[in-house]
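**Student:** attaching a predicted model along with its sequence, questions to come.
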Amino acid sequence: MADVVTIREAVARAKAEGLPVSEYTLRAWIKVGAIPVRTAGQKALLYYPNLVRYLRCEDGGDNNPVAAAAGGIRRIELT
């Protein structure tokens with residue numbers, strides 16, 4: 001399979017590989033710049049391995065604990 005795909009192809013391939021992503025969500029990530037794309041006419045093309053890396057948090061994103069402000073609400077880990 002080709003690694004450069006359209007948005008719909010990326011969603012179909014992700015679902016086939018068991019990665020949960022919808023077209024709406026992928027378009028939102030593209031809009032905020034989380035997933036880089038190139039446009040060819042009106043089509044957005046993305047490098048599929050970038051999507052996989054983003055979903056698996058391989059760059060450390062979304063894995064950092066949120067620090068609470070002093071005197072604010074803090075997260076309590078249950079053991």
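**Tutor:** Now that the structure is in, tell me what you want to look at.
**Student:** in this structure, which spans are strands?
**Tutor:** For the chain, strands defined by DSSP state E occupy the ranges 4-6, 37-40, 43-47.
**Student:** who wins for proximity to Glu77 among these?
**Tutor:** Smallest distance to Glu77 across those (Cβ to Cβ): 35.7 Å, for strand 43-47. C-beta here means a position set from N, CA and C on the backbone, and glycine is covered the same way.
**Student:** kindly format the C-alpha coordinates of that closest one as PDB.
**Tutor:** Extracted C-alpha coordinates of strand 43-47, given in PDB (Å, rounded to 0.1, in the frame of the first residue of the first chain):
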ATOM      1  CA  LYS A  43      -7.200  17.100  -2.100                       C
ATOM      2  CA  ALA A  44      -5.200  16.900   1.200                       C
ATOM      3  CA  LEU A  45      -2.500  14.300   1.100                       C
ATOM      4  CA  LEU A  46      -0.900  12.900   4.300                       C
ATOM      5  CA  TYR A  47       1.900  10.500   5.100                       C
END
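**Student:** how about it: buried residues?
**Tutor:** Across strand 43-47, burial judged by 16 or more other Cβ atoms under 10 Å covers Ala44, Leu46, Tyr47.
**Student:** repeat that for stretch 21-40.
**Tutor:** With burial defined by 16+ other Cβ under 10 Å, the residues of stretch 21-40 counted as buried are Val21, Leu26, Trp29, Ile30, Ile35, Val37.
**Student:** wait, which of the residues you listed is closest to Arg74?
**Tutor:** Nearest to Arg74 among the buried residues of stretch 21-40, with distances taken as Cβ to Cβ, is Trp29, at 28.7 Å.
**Student:** format the strands of the chain as JSON lines; extra columns: mean pLDDT and distance to Tyr54.
**Tutor:** Output for the strands of the chain, formatted as JSON lines (pLDDT from 0 to 100; distance: least, Cβ to Cβ, whole Å):
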{"stretch": "strand 4-6", "mean pLDDT": "96", "distance to Tyr54": "14"}
{"stretch": "strand 37-40", "mean pLDDT": "94", "distance to Tyr54": "12"}
{"stretch": "strand 43-47", "mean pLDDT": "95", "distance to Tyr54": "10"}
